[in-house]
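Undergrad: pasting the structure only:
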């Protein structure tokens with residue numbers, strides 16, 4: 001586990017750093033879904049690698065890549081149990097925010 005001090009040194013935003021430490025529910029996405037999530041898209045089951053056990057439906061989650069780097073926030077579309085039986089094309093995590101948003105929206109930020 002990374003310490004908060006180490007995460008600040010890595011340049012992660014403070015809000016994301018503290019949320020990562022306190023997050024009870026997490027999901028990890030596969031490399032093929034990472035870029036899509038960072039462009040603001042939802043995560044399909046085919047792009048989901050793993051999810052915290054007993055995650056409820058519509059629960060807020062921190063989205064990580066396979067290297068445990070936090071990519072952003074989302075909300076589950078299904079519980080952990082429901083995800084097991086889903087078709088690979090179904091959305092399992094609704095995108096809420098990601099590290100790429102600043103770059104996409106920097107022209108409109110004040």
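TA: Right, received. Where do you want to start? Since we're looking at a predicted model, the values are computed, not measured. Numbering: from 1, shown residues only.

Undergrad: strands of the chain, residue ranges please.
TA: With DSSP state E, the ranges of strands along the chain come out as 26-29, 43-44, 48-51, 60-64, 70-76, 91-98.

Undergrad: okay, and the helix or strand of this structure with the least pLDDT?
TA: Lowest by mean pLDDT, DSSP states H and E among the helices and strands of the chain is helix 4-9, with a mean of 45.

Undergrad: nearest residue to the middle of the chain?
TA: In the chain, the C-alpha nearest the mean C-alpha coordinate belongs to residue 63, at 1.5 Å (Cα atoms, centre = their mean).

Undergrad: list the contacts for it?
TA: For residue 63, the contact set (Cβ atoms under 8 Å, 6 or more residues apart in numbering) comprises 26-29, 37, 43, 70-74, 93, 98. The C-beta positions use only the backbone N, C-alpha and C, and glycine is treated the same way.

Undergrad: of the residues you listed, which is the nearest to residue 84?
TA: Checking the contacts of residue 63 against residue 84 with Cβ to Cβ, the nearest one is residue 27 at 13.8 Å.

Undergrad: picking up where we left off before, distance check, the residue nearest to the centre of the chain against residue 107.
TA: The gap separating residue 63 from residue 107 is 25 Å, by Cβ to Cβ, to the nearest Å.

Undergrad: circling back to that earlier point, what separation do you get for the residue nearest to the centre of the chain and residue 24?
TA: 14 Å.

Undergrad: and of the contacts of residue 63, the nearest to residue 49?
TA: Closest to residue 49, out of all of the contacts of residue 63 and judged by Cβ to Cβ, is residue 28, at 4.4 Å.

Undergrad: hmm, that closest one is touching residue 66, no?
TA: Yes: with contact defined as Cβ atoms under 8 Å, residue 28 reaches residue 66; the gap is 6.1 Å.

Undergrad: neighbour count for the two, which is higher?
TA: Legend: neighbour count by other Cβ atoms under 10 Å for residue 28 and residue 66, higher for residue 28 (18 against 12).

Undergrad: show me the contacts for that one.
TA: Going by Cβ under 8 Å, 6+ apart, residue 28 touches 48, 49, 50, 51, 63, 64, 65, 66, 68.
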